[in-house]
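> any chance you can model this:
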Amino acid sequence: MSVLAGHTGSYYSYTFDQALEGLAEAGYRAVELASVPGATEFVDVHGDPDEVRGKLDRLGLEAVSISGHSDLTTAEGLEHGLAVVEWARRYGLPIVNTAIGGPGHIEESEAAFMENIGPLADAAQAAGVTLALEIHGDLMASGERSRPLLERIGHPAVKVNYDTANVEYYSGTRAEDDLPAIADQVAHVHLKDMRGAKGEWDFPAIGEGHVDFARVVEILRGAGFDGPYSVEVEFTGGTPWPPLEEVTAAMRASRETLAPLGLS
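Okay, here's the model as predicted:
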């Protein structure tokens with residue numbers, strides 16, 4: 001049965017401890033960790049996993065995945081990706097989420113990415129980890145666009161982290177219309193709402209936007225998906241982020257909105 005996690009990245013401008021405490025306060029028992037250079041550097045993937053495990057244990061939390069986005073078109077991005085995979089192996093996490101161009105929206109070189117994805121995928125397979133490429137940027141702007149790329153990669157360790165708002169932000173296509181094209185390749189889901197249109201950064205609490213989450217869950221269940229769902233709220237971007245209590249309130253409201261769909 002799928003678990004509903006809270007994404008620590010929703011606490012973008014706060015500390016890792018504040019993120020974990022906020023998610024526990026908001027009622028989550030599962031979390032998605034984050035180690036994204038230049039963004040949410042919450043987890044030191046060169047450090048001791050037991051230090052992170054201790055923080056979670058004290059709050060009654062369980063990690064289900066880690067977001068380790070880096071620019072996989074570069075040597076530096078590959079190096080970080082390999083470090084995240086190895087850390088996930090040591091921790092015992094089954095899923096590493098990443099994206100071709102990292103957390104930013106850059107011009108993506110498919111040729112450079114294809115040179116790096118093989119070694120990273122091989123490392124993930126050896127570690128017993130699934131590498132979930134996020135719907136994000138240009139090359140994976142939608143599930144429909146991502147499918148042929150996954151076929152070219154052709155590696156059993158590489159799947160998709162489906163982001164229900166990114167698909168519309170980058171491609172202009174609603175999640176409920178696009179998801180059937182890739183549902184059978186999804187290993188992890190970012191549940192993120194959207195209030196704007198293509199290219200408009202406005203990702204509020206679940207239920208305040210127009211994503212049809214009931215339909216999204218229905219499609220995924222129909223495809224046999226039983227992996228983690230992770231709630232991500234990114235507000236209107238920029239810094240400072242909303243006050244800490246507002247972030248936690250948004251995460252709590254999101255969880256409560258999703259509960260009738262059988263997610264907990």
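
> tell me where the stretch 101-250 of the chain has helices.
Assignment of helices within the stretch 101-250 of the chain using DSSP state H, counting those that start in this stretch yields the ranges 110-127, 143-153, 166-171, 175-178, 213-222, 244-258.

> closest one to E134 among those helices?
With distances scored as C-beta to C-beta, the stretch of these nearest to E134 is helix 166-171 (6.9 Å). Where you see a C-beta, it was placed from the backbone N, CA and C, and this is true even at glycine.

> and that closest one, what's its mean pLDDT?
Average pLDDT, helix 166-171: 97.

> returning to what we had before: buried deepest among the helices of the stretch 101-250 of the chain, which one?
Between the helices of the stretch 101-250 of the chain, the one whose residues have the most neighbours on average, counting mean count of other C-beta atoms under 10 Å, is helix 166-171 (a mean of 24).

> other SSEs contacting that one?
Applying 3 or more C-beta pairs under 8 Å, 6 or more residues apart in numbering; DSSP states H and E, one finds that helix 166-171 contacts helix 175-178.

> pull out the buried residues from stretch 152-164.
Within stretch 152-164, the residues that qualify as buried are 153, 155, 157-164, counting by 16 or more other C-beta atoms under 10 Å.

> now do the strands in this structure.
Counting by DSSP state E, the chain has strands at residues 4-7, 30-34, 62-67, 95-98, 130-134, 158-163, 186-191, 229-231.

> which elements pack onto the second one?
When you say that, I think you mean strand 30-34. strand 4-7, strand 62-67.

> can you give me the mean pLDDT across the last one?
Predicted confidence along strand 62-67 averages 98 (mean pLDDT).

> roughly how far is it from the heart of the chain?
Centroid displacement of strand 62-67 relative to its chain, using C-alpha atoms, centre = their mean, to the nearest Å, is 9 Å.

> returning to what we had before: quick one, which of the helices of the stretch 101-250 of the chain is nearest to H7?
H7 lies closest, by C-beta to C-beta, to one member of these: helix 244-258, at 8.7 Å.

> which neighbouring elements make contact with that closest one?
In this structure, helix 244-258 makes packing contacts with strand 4-7, helix 16-25, strand 229-231, judged by 3+ C-beta pairs under 8 Å, 6+ apart.
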